[in-house]
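Chemist: coordinates only, no sequence provided:
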DNA sequence: CCACTAATGGTAACGTGTTTCATTACTTCT
DNA sequence: AGAAGTAATGAAACACGTTACCATTAGTGG
């Protein structure tokens, strides 16, 4: 009675985008992915990349973070809640476990807030980039 | 010998923007502040609002967070590092103390990362908005 | 009061991301 | 297999926040 169950079709582009994202360990922007697909000889429209990336994010198959004004995506099997340690230089990301969620709840509760969500991302420079950049 | 000490002038607009921001307890966008100034009868260009807001953020006199694709500002006396508990509905924000920074350093270190910065904002609905919206 | 130049403000430009809409091509039905 | 129906695509137009440009205004120090 509820969801009209919009039926979805499987297309070549969807697979391409999904695969390309899965093959990345880093966080990538829609543009980066689009360019990568072009370089690989695939012909996918930028709009489609945005659409699919958003769809993946919505369905929980991809994680998204925002740096500056650009949205970055990354394939993410585990749908559990987790955070990231992101290299500002190369985009490499490591998933880390959430910190004390109790602490948050306590703080929020003491101010009468009801938590809806939170963002917690740690940025830094990974060992590789540090080694490469130190000269 | 170092800093060329660019000399800065005090203008009416700067004061207006600074005051307007200081009079807000919430996080506000550049546009919101600009509109508020207009409503107050002040005539300040939008570009100037952006410039000053950015300047305040850069100098540490204002905190900034990003919701969606808009940047929000809030006057912030204490230049110490801290985080926020923000009401998604009305923008009201409470400053909260940082969580275990040790934890971060440990996690980062174990992955060879050198932390540059981190973002940690908790979003929720404050008691007032909850009361008002619950009908 | 004058000269110097930081600061302003209207607007054009920019970048990211979304929407539009005609076209393409999956699916299903026959 | 062929036809029909309709998601999905893609190029370009659009929306929006923010910044750049540049002529004008107005602090500041002599």
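Modeler: Thanks, I have the structure now. If you're wondering where the values come from, they're calculated on a predicted model, not measured in any experiment.

Chemist: make it CA atoms for all contacts and neighbour counts henceforth
Modeler: Noted.

Chemist: show me where pLDDT drops low in chain A?
Modeler: A:1-6, A:77-79, A:99, A:133-135 (pLDDT under 70).

Chemist: around chain B, which positions in it sit nearby?
Modeler: Contact residues, chain A versus chain B (Cα under 8 Å from any Cα of the partner chain): A:69, A:85, A:87, A:96, A:99, A:103-104, A:107-108, A:111-127.

Chemist: so for the top strand by length along chain A, what gets flagged as buried?
Modeler: Longest strand in chain A by number of residues, with DSSP state E as the criterion: strand A:114-125. Residues of strand A:114-125 classed as buried by neighbour count (16 or more other Cα atoms under 10 Å in any protein chain shown): A:114-115, A:120-125.

Chemist: ok, back up a step: which among the residues of chain A next to chain B are in contact with DNA strand C?
Modeler: Restricting these to those near DNA strand C by Cα under 7 Å from any atom of the strand leaves residue A:69.

Chemist: how about residues contacting stretch A:43-59?
Modeler: With contacts defined as Cα atoms under 8 Å, 6 or more residues apart in numbering or on different chains, stretch A:43-59 is touched by A:13-14, A:17, A:30-31, A:33-34, A:37-38, A:62-64, A:73.

Chemist: off-centre distance for that stretch?
Modeler: Offset of stretch A:43-59 from its chain centre (Cα atoms, centre = their mean, to the nearest Å): 12 Å.

Chemist: what do you get for stretch A:68-75?
Modeler: 6 Å.

Chemist: do that stretch and DNA strand D come into contact?
Modeler: No. Stretch A:68-75 is not in contact with DNA strand D by Cα under 7 Å from any atom of the strand; minimum separation 7.8 Å.

Chemist: hmm, who's touching that stretch?
Modeler: With Cα under 8 Å, 6+ apart, stretch A:68-75 has contacts from A:21-22, A:24-30, A:53, A:57, A:61-66, B:69.

Chemist: all strands of chain A, in order?
Modeler: Under DSSP E, chain A gives strands at A:28-29, A:62-67, A:70-75, A:83-87, A:93-96, A:114-125.

Chemist: which among those strands is found nearest to residue B:131?
Modeler: strand A:114-125 (11.5 Å; Cα to Cα).

Chemist: which bits of chain A sit near DNA strand D?
Modeler: So chain A meets DNA strand D at A:6-14, A:43-49, A:51-52 (Cα under 7 Å from any atom of the strand).

Chemist: mind running it again at 10 Å?
Modeler: A:5-17, A:34, A:42-53, A:55, A:68-69 (Cα under 10 Å from any atom of the strand).

Chemist: mind checking which of those residues are in helices?
Modeler: A:12-17, A:34, A:46-53, A:55 (DSSP state H).

Chemist: pull out the buried members of those.
Modeler: A:13-14, A:16-17, A:34, A:49-50, A:52-53.

Chemist: will you turn the residues you listed into a markdown table that also has distance to residue A:91?
Modeler: Shown next, in a markdown table, are these (distance: Cα to Cα, whole Å):
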| residue | distance to residue A:91 |
| --- | --- |
| A:13 | 24 |
| A:14 | 23 |
| A:16 | 21 |
| A:17 | 18 |
| A:34 | 16 |
| A:49 | 19 |
| A:50 | 19 |
| A:52 | 21 |
| A:53 | 17 |
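
Chemist: restrict these to contacts with DNA strand C.
Modeler: Within these, those near DNA strand C by Cα under 10 Å from any atom of the strand are A:13, A:49-50, A:52-53.

Chemist: domain map for chain A?
Modeler: In terms of domains, chain A is parsed into A:10-77, A:80-135 (source: automatic domain parsing).

Chemist: now render the ones you listed as JSON lines, adding distance to residue B:91.
Modeler: Formatted as JSON lines, those follow (distance: least, Cα to Cα, whole Å):
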{"stretch": "domain A:10-77", "distance to residue B:91": "20"}
{"stretch": "domain A:80-135", "distance to residue B:91": "12"}
